[in-house]
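Novice: here is my input, please return the structure:
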Amino acid sequence: DGNICRCTGYRPIVDAFNTFAVDCKNCPTVDIEDIGKGKKFMPYSHEEHDKKPPAELKTCKPSPIYFSGHGAEWHRVVELQKALKLVQQYETQGKKYKLIVGNTMNGVYPDPSVEAFIDIKHVPELKSIVASDSALTVGAAVSIQQLISTFEEHKSKSPTTFPNIISHLSKISGRQVRGRASWVGGVMMCKYQGFASDTATVLYAAGARFSVLEASGTTTDMDM
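Specialist: Below you'll find the model as predicted:
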């Protein structure tokens, strides 16, 4: 559940771990091509590790961003109405667009034909989490990891169901991906790509309901 992964290569992982060793100067794990080049990493330092990010980051508010290139456009929107207008615009123009949060779906189903990306992860209405005595309402831009934390926080409301959902969702990918991917992304991949989504499976079993907002502004409530 961390960043130790074969896709990064084992050598960098071993090199990084060697920085924690007091006798790392003559580590026996150097590749032939690295002999004589010196160490790749500086020794581990508590001083560097304990540095905190700038306080300004806590109050930094995202702003709209637009850029284009290589035949595609990218919008980062911070207002729901702006997102809806862009959807209407691209549907009218007949352009292929994609609503994204973490865009981790691209690692499973890359689609170079997409002409416009609409990043909705900073839209307040889609990041909201509202808990009542009878329901837990979660916005579409909430990440899988945030969803897990929400179920943890409200576990007492459903001591039988919520722990099982937490256990199942925690098996999805790794923490880094769960921290970026929205919970609804797996549901959409299941619906449109036939993806065997763990998220869709566990929410279906829990009897989740969806509130779907159309580009016209119309909202429809439906079962999964």
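
Novice: can you tell me the centre-most residue of the protein?
Specialist: The residue lying closest to the centre of the chain (Cα atoms, centre = their mean) is Arg180, at 1.6 Å.

Novice: from Pro64, how far out is it?
Specialist: Distance, Arg180 to Pro64, by Cβ to Cβ, to the nearest Å: 20 Å. Backbone N, C-alpha and C define where each C-beta goes, glycine included.

Novice: now do Gly207
Specialist: From Gly207 to Pro64 the distance is 37 Å (Cβ to Cβ).

Novice: give me the more crowded residue out of these two.
Specialist: When neighbours are counted by other Cβ atoms under 10 Å, Gly207 and Pro64 differ, and Pro64 comes out ahead with 12 against 9.

Novice: how about that one, phi and psi?
Specialist: In terms of degrees, to the nearest 10, the main-chain angles of Pro64 are phi -60, psi 140.

Novice: pretty sure it is touching Val78, no?
Specialist: Yes: assessed by Cβ atoms under 8 Å, Pro64 is found in contact with Val78 at 5.7 Å.

Novice: leaving out sequence neighbours, find the closest residue to the residue nearest to the centre of the chain.
Specialist: Spatial nearest neighbour of Arg180, chain neighbours left out: Gly102 (3.3 Å); criterion: Cβ to Cβ, 6 or more residues apart in numbering.

Novice: give me phi/psi at that neighbour?
Specialist: Dihedral angles (degrees, to the nearest 10) for Gly102: phi -100, psi -20.

Novice: heads up, I number from 152, so please use that
Specialist: I'll keep to 152 as the first residue from here, and by that count the last item is Gly253.

Novice: burial check on it, number of neighbours?
Specialist: Gly253, neighbours per other Cβ under 10 Å, totals 20.

Novice: can you pull the contacts of it?
Specialist: Contacts for Gly253 (Cβ atoms under 8 Å, 6 or more residues apart in numbering) come out as 272, 294, 328, 331-333, 336.

Novice: one step back: tell me the pLDDT at the residue nearest to the centre of the chain?
Specialist: pLDDT, Arg331: 93.
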